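Undergrad: Have a look; sequence and predicted model below, questions after that.
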Amino acid sequence: MTSDIRVRFAPSPTGFLHLGGLRVALYNYAFAKQNNGTFILRIEDTDQARLVEGAVENLISSLQTMGIDYDEGPGKDGEYGPYFQSQRLDIYKKYIDELVEKGFAYPCFCSRETIDEMRKKAQKEKNFFKYDRRCHKFSKEETQAKIDAGEPHVIRLKMPDERIFTFNDLVRGDVSIDVKQIDDQVILKSDGFPTYHLAAVVDDHLMKISHVFRGEEWLSSTPKHLFLYECFGWTPPLWVHLPLILNTDKSKLSKRKNDVAVETYIEKGYSKEALMNFIALLGWHPSEDRELFSMDEIVKEFSIERVSKAGAVFDITKLEWMSGTYFRSLDLAVVAEYARPVFLEAGLDISDEAKFLRAVEKAREYITTAGEILEHVEMYYRLGELSAEDQEMLDNEESQKVLAHVVERYNTDGIMSDDEINEITKASIGEIGIKGKKFYFPIRLALIGKGHGPDMPSVYNILGKEEFLNRLRNAIK
């Protein structure tokens, strides 16, 4: 049975899914699933000038890639749609007209240039900028005459002159904000589209949203939203303002300065399981003293009470550690799916599935991203050209003696075990009297084209007996 818990993730389709947006979506998703509630995806596309083609598809694809599925939203219509704000303009007009009629809002005919002059004057006088309400002084008749004449205008919310708004935030407790630091917000733009403030409040009410999860940067706007709820006589939702995500120098993680797109980290080959785990811990701490959590465990463990007030530091080294840890612990089949496109893009023939899996299993011991796997597997599929120095070493009499001897010793009936390979290798060193670099270097150069690399049993097992011996023979003059 579905509970009364209804939460929403409401991104603007102005580009990629931001890491901060992913965190908001994850916390909403976890809270809804934990409480048998409903998770809604709503597209806030009222800022028509900033829309990016394909952004909605990208947002949905990124959420699905990260394992976050919504219950209502685009393609999953429920009784509270449509879920694109651009398709709800008639709904907003009704409520804006109601605000104007009740005196809670008013038309403003000031041009952008006029507003800019007011702002510059306030900055020069070192005052907080607030619109001076010059258009609010027009009579109803004057206002209507301007509208009838087709003068461009916006609708502003008339905030109270004197008031301190106090509200409870489930992360920060009671918060008080003086209305003196709040402007008469534009709630309807001249293009007929509402701003976020009006549309979000109307939609959250009509969609019966119980909890609003959003970033700390929206905290100062909450009085505007509370006042709108008050004007309409509605009960506001519960507020959950999440801490900022910070760089290691404690500056705010920024689109301008940082790689903040979820898609970027997916393309770089980080384990999505690690990325989700990492994002979950940016501002939330579990009850247990551990750091690795599956999606199911995040859903089970998440609680608003354990969301921090302090900013959360985005430490890329921790993400790298976490991603590497996941690659070493995930089922081999899962890691193989991360690796497969890397192999194919590099032109490696992976038709031998058993060899492919053996190569992946060995390589995952060293990687933090899927892209790094190539440098650890390419040697099993093709040998690069040796440097003049390495070729000279491979061709000298001592190296040729080593190669000829080990080919004979390794060419046994059947497949050798790891212990047998190690025993034969050790015995060969004693038999020919060549040891250390002079013994191992020519063998490795012949097998993998490098003087350093995996142990001999690993190379034997991945290449297979036939390819192993052929590579050694091919290096013998």
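TA: Looks like it arrived, so ask away.
Undergrad: Strands of the stretch 251-400 of the chain, start to end?
TA: Here the stretch 251-400 of the chain has its strands, by DSSP state E, counting those that start in this stretch, at 312-313.
Undergrad: Show me the helices in it, by range?
TA: Remark: helices assigned in the stretch 251-400 of the chain by DSSP state H, counting those that start in this stretch are 262-267, 272-280, 295-301, 316-329, 332-345, 353-363, 374-377, 388-395, 397-410.
Undergrad: And for the stretch 51-200 of the chain?
TA: 55-65, 89-101, 112-124, 140-148, 196-206.
Undergrad: What's the separation between the closest residue to Thr264 other than its chain neighbours and Lys268?
TA: Once flanking residues are discounted, Thr264 sits nearest to Phe16: 7.6 Å by C-beta to C-beta, 6 or more residues apart in numbering. C-beta: built from backbone N, CA, C; applies to glycine. If you measure Phe16 against Lys268 using C-beta to C-beta, to the nearest Å, the figure is 14 Å.
Undergrad: Would you mind finding the most buried of the helices of the stretch 51-200 of the chain?
TA: helix 196-206 (a mean of 21; mean count of other C-beta atoms under 10 Å).
Undergrad: Quick one: neighbours of the closest residue to Leu238 other than its chain neighbours, just the number.
TA: Leaving aside its chain neighbours, Leu238 sits nearest to His211 (4.8 Å; criterion: C-beta to C-beta, 6+ apart). Using other C-beta atoms under 10 Å, His211 has 21 neighbouring residues.
Undergrad: surely His211 meets His241?
TA: No: contact criterion C-beta atoms under 8 Å: His211 and His241 do not qualify, at 11.3 Å.
Undergrad: how's this protein carved up into domains?
TA: 88-242, 388-474 (automatic domain parsing).
Undergrad: want to try JSON lines for the ones you listed, with distance to Val377 as columns?
TA: Listed next are the domains of the chain as JSON lines, based on distance: least, C-beta to C-beta, whole Å:
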{"stretch": "domain 88-242", "distance to Val377": "40"}
{"stretch": "domain 388-474", "distance to Val377": "8"}
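Undergrad: So for Pro74, which of these sits nearest?
TA: domain 88-242 (13.3 Å; C-beta to C-beta).
Undergrad: still on that earlier bit, what's the burial count for the residue nearest to Thr264?
TA: Using other C-beta under 10 Å: Phe16 sits among 18 other residues.
Undergrad: next one: Leu383
TA: 17.
Undergrad: and Trp239, that's in a strand?
TA: Yes: the assignment for Trp239 by DSSP: H, G, I helix; E, B strand; the rest coil puts it in a strand.
Undergrad: Does it touch Asp174 like I think?
TA: No: in this structure, Trp239 is not within contact of Asp174 by C-beta under 8 Å, at 11.2 Å.
Undergrad: So which of those two has more stuff around it?
TA: Set side by side, Trp239 and Asp174 show more neighbours around Trp239, with 21 against 8, by other C-beta under 10 Å.
Undergrad: Next, work out how far apart the more buried one and Leu41 are.
TA: 20 Å.
Undergrad: same check, this time on Lys137
TA: 43 Å.
Undergrad: Who has more neighbours out of these two?
TA: More neighbours surround Leu41 than the other of Lys137 and Leu41, with 24 against 10 (other C-beta under 10 Å).
Undergrad: so what's the more buried one scoring on pLDDT?
TA: Listed pLDDT for Leu41 reads 98.
Undergrad: is the nearest residue to it once chain neighbours are set aside in a bridge, and if so with what?
TA: Leaving out its chain neighbours, the residue that sits closest to Leu41 by C-beta to C-beta, 6+ apart is Gly73, at 3.2 Å. In this structure, Gly73 bridges to Lys76 when assessed by DSSP bridges.
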